[in-house]
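Q: predicted model and sequence follow; I will ask about them next.
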Amino acid sequence: MLLIHNGSLVSGAGVQQADVLVDGERIAAVIEGHLPGLGGLGPDVQIVDASGLLVFPGLIDVHTHMRQPGGEQKEDFYTGACAALAGGVTSIFAMPNTSPAVTDRATLDLALDLARQNAVCDYGVFLGATNTNQRLKLDNPDLRECGLKMYMGSSTGDLLVEDFGAQYEHFQQYPRERVIAVHAEHEPAVRYFGQHGERRPHIAAELEVARAVALAERCDRRVHVCHVSSRREVEIIRDAKARGVPVTCEYAPHYLFLTTDFEHGQITESRGLQDYQPGQALHPAALYQMNPPLRQESDIETLWANLAVADCIATDHAPHTLDEKRSAKPPSGVPGLETMLPLLLTAAHEGRLELADVARLCCEGPARAFAIQAKGRIAPGFDADMTLVDPQEQWVIGDRPILSKCGWTPFAGWHVRGAVKQVFLRGRLAFADGKVIAARGAGKRIVN
Ligand code: DOR
Ligand code: ZN
Ligand code: ZN
């Protein structure tokens, strides 16, 4: 047995002084106040002193790119899951835009097998929608995917379901209670503006989010909108929710904290990004290139003012190597697993959101949106996934080793307050003092 003693538990309802008793992989009891008389506990209870620390449920990140198979120069299930633990994340869902892409039984098995052998946190893998796999049925819970991911607009990799008919068939045929997660950018608009030298303006996201919501409403089925980045998207989803459309959505840290103004930000004087010299071929515009692109201040303000519209914050951890970012055709995406929680804790310190919001958006919300049983809360019977953070510790992003294989972060040089100290995965210490302790393969598949 394990006792997390003297910590402040954070949930969507607030912060509470309580001890947590763990039996094996599960939480046995939450003792309000603190357990007096520890001496009576017996020798088989290991006591973790969490004085001065916040205890979050292990964070759940429903949007990560682990790059395995096929992109192992950027990341793999081991390094990506190490980055997750370093960021206080104990559960990840991996996107299917790998090489080969995860689009059928064989490729799903391949990805699940790589995750099983390598991941040091719990995981699920999305099935990727194609123009021809609408009828694929993977009903057996032991074999099926964590959800269906549909690229309604193109992005990294070759997954794309642009055609209305194929989209409609997926919306009709995928089990209604399970989640279709969409990358919603309107492909004809992406193409048109691309030909005119403009990268993915707002209208591309607005059009396709509206389409995804209309499909969910007409087909009476769940849809999850990935990485909401702009004002109008928020308004469309807010209105749809008010009408009772079964839509959920996620915000990503980079859209909450970065704008197109990054050139004037800290990147040119960043620490930890020693590879970048001003004037060198690696341009910030390439480093910060992502789909959808970074937006303007007014969009960011709308996201912050509408945190209540978000069901989750998910990293869209999309690592690429600096060499790739330096190339003539830099790929889109930035890593995010190691920085999400420190950034949010800093924002909480600044009063931009409550600690309870962090627990709602990073723990309870994702569990609810994806019907993940027994995770996302610290309560009896739940998995003993817990992230202990020191809310006062100040540090500079980039100064500490980066565990993601890509080795860089778009937030290098940022001063943050709040550091992950210890992470428990199903009752076992998995990360402590900056080091991964969990053995390769310690992660378990999440059945949702
Ligand atoms: O910027 C992005 N990168 N957006 C995506 O949709 C995909 C991701 C990736 O896989 O690199
Ligand atoms: Zn996407
Ligand atoms: Zn993504």
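A: The structure has been received and is ready for your questions. This one's a predicted model, so the numbers in the text were calculated from it and none came from an experiment. Ligands and ions are numbered 1, 2, ... in the order given.

Q: and the closest residue to ligand 1 within the chain, how many neighbours does it have?
A: Nearest to ligand 1, among the residues of the chain, is residue 333, at 2.9 Å (C-beta to the nearest ligand atom). Glycine gets a C-beta too; all of them are placed from N, C-alpha and C. For residue 333, the number of neighbouring residues by other C-beta atoms under 10 Å comes to 22.

Q: residue 329 now?
A: Burial of residue 329 is recorded as 6 neighbouring residues (other C-beta under 10 Å).

Q: how about residue 352?
A: So residue 352, with other C-beta under 10 Å, has 13 neighbours.

Q: pLDDT score for it?
A: As predicted, residue 352 sits at a pLDDT of 97.

Q: next, count neighbours for the closest residue to ligand 2 within the stretch 51-200 of the chain.
A: At 3.4 Å from ligand 2, residue 183 is the closest residue in the stretch 51-200 of the chain, using C-beta to the ion. Burial of residue 183 is recorded as 27 neighbouring residues (other C-beta under 10 Å).

Q: spell out which residues of the stretch 151-300 of the chain are next to ligand 1.
A: Taking C-beta under 6 Å from any ligand atom as the test, the list of the stretch 151-300 of the chain residues beside ligand 1 reads 155-156, 183, 290-291.

Q: picking up where we left off before, what sits against the residue of the chain closest to ligand 1?
A: Listed by C-beta atoms under 8 Å, 6 or more residues apart in numbering, the contact set of residue 333 reads 65, 156, 289-291, 316, 318-320.

Q: leaving out sequence neighbours, find the closest residue to residue 67.
A: With C-beta to C-beta, 6 or more residues apart in numbering as the criterion, residue 67 has its nearest non-adjacent residue at 4.1 Å, and that residue is residue 75.

Q: what do you get for residue 206?
A: Residue 206 sits nearest to residue 232 (C-beta to C-beta, 6+ apart), 4.5 Å away.

Q: quick revisit: surely the residue nearest to residue 67 touches residue 69?
A: No: with contacts defined as C-beta atoms under 8 Å, residue 75 does not count as touching residue 69, sitting 11.4 Å away.

Q: buried residues in the longest helix along the chain, which are they?
A: Among the elements of type helix in the chain, defined by DSSP state H, the one spanning the most residues is helix 202-219. For helix 202-219, the neighbour count (16 or more other C-beta atoms under 10 Å) marks 202, 204-213, 215-217, 219 as buried.

Q: can you name every helix or strand that that helix contacts?
A: helix 164-173, helix 187-195, strand 223-228, helix 231-242, strand 247-251 (3 or more C-beta pairs under 8 Å, 6 or more residues apart in numbering; DSSP states H and E).

Q: a markdown table please, covering those and showing mean neighbour count, distance to ligand 2 and mean pLDDT.
A: Written out in a markdown table, the entries for those read as follows (neighbours: other C-beta atoms under 10 Å; distance: least, C-beta to the ion, whole Å; pLDDT from 0 to 100):
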| stretch | mean neighbour count | distance to ligand 2 | mean pLDDT |
| --- | --- | --- | --- |
| helix 164-173 | 17 | 15 | 98 |
| helix 187-195 | 15 | 12 | 95 |
| strand 223-228 | 26 | 5 | 98 |
| helix 231-242 | 19 | 13 | 98 |
| strand 247-251 | 25 | 10 | 98 |
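
Q: turn these into CSV, columns for distance to residue 398.
A: Shown next, in CSV, are those (distance: least, C-beta to C-beta, whole Å):
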stretch, distance to residue 398
helix 164-173, 41
helix 187-195, 32
strand 223-228, 23
helix 231-242, 30
strand 247-251, 23
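
Q: out of those, flag the one nearest residue 38.
A: strand 247-251 (40.4 Å; C-beta to C-beta).

Q: so what strands line up beside the closest one?
A: Pairing partners of strand 247-251, with direction, according to DSSP bridges: strand 223-228 (parallel), strand 312-313 (parallel).

Q: flag the shaky bits of the stretch 1-150 of the chain, pLDDT-wise.
A: Within the stretch 1-150 of the chain, the segments meeting pLDDT under 70 span 39.

Q: strands of that one, residue ranges please.
A: Counting by DSSP state E, counting those that start in this stretch, the stretch 1-150 of the chain has strands at residues 2-5, 8-11, 14-23, 26-32, 46-49, 54-57, 59-64, 89-94, 122-125, 127-128, 148-151.

Q: okay, the ones you listed, which one's buried deepest?
A: strand 89-94 (a mean of 32; mean count of other C-beta atoms under 10 Å).

Q: pull up the pairing partners for it, direction included.
A: strand 59-64 (parallel), strand 122-125 (parallel).

Q: just put these in CSV and tack on distance to residue 5.
A: As requested, these are exported to CSV (distance: least, C-beta to C-beta, whole Å):
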stretch, distance to residue 5
strand 59-64, 22
strand 122-125, 25
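
Q: to residue 38, which of the ones you listed lies closest?
A: Taking C-beta to C-beta as the criterion, residue 38 comes closest to strand 59-64 out of the strands paired with strand 89-94, the separation being 28.4 Å.

Q: on that earlier part again, turn the strands of the stretch 1-150 of the chain into JSON lines, including distance to residue 436.
A: Listed next are the strands of the stretch 1-150 of the chain as JSON lines, based on distance: least, C-beta to C-beta, whole Å:
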{"stretch": "strand 2-5", "distance to residue 436": "19"}
{"stretch": "strand 8-11", "distance to residue 436": "23"}
{"stretch": "strand 14-23", "distance to residue 436": "20"}
{"stretch": "strand 26-32", "distance to residue 436": "22"}
{"stretch": "strand 46-49", "distance to residue 436": "18"}
{"stretch": "strand 54-57", "distance to residue 436": "18"}
{"stretch": "strand 59-64", "distance to residue 436": "16"}
{"stretch": "strand 89-94", "distance to residue 436": "12"}
{"stretch": "strand 122-125", "distance to residue 436": "14"}
{"stretch": "strand 127-128", "distance to residue 436": "29"}
{"stretch": "strand 148-151", "distance to residue 436": "27"}
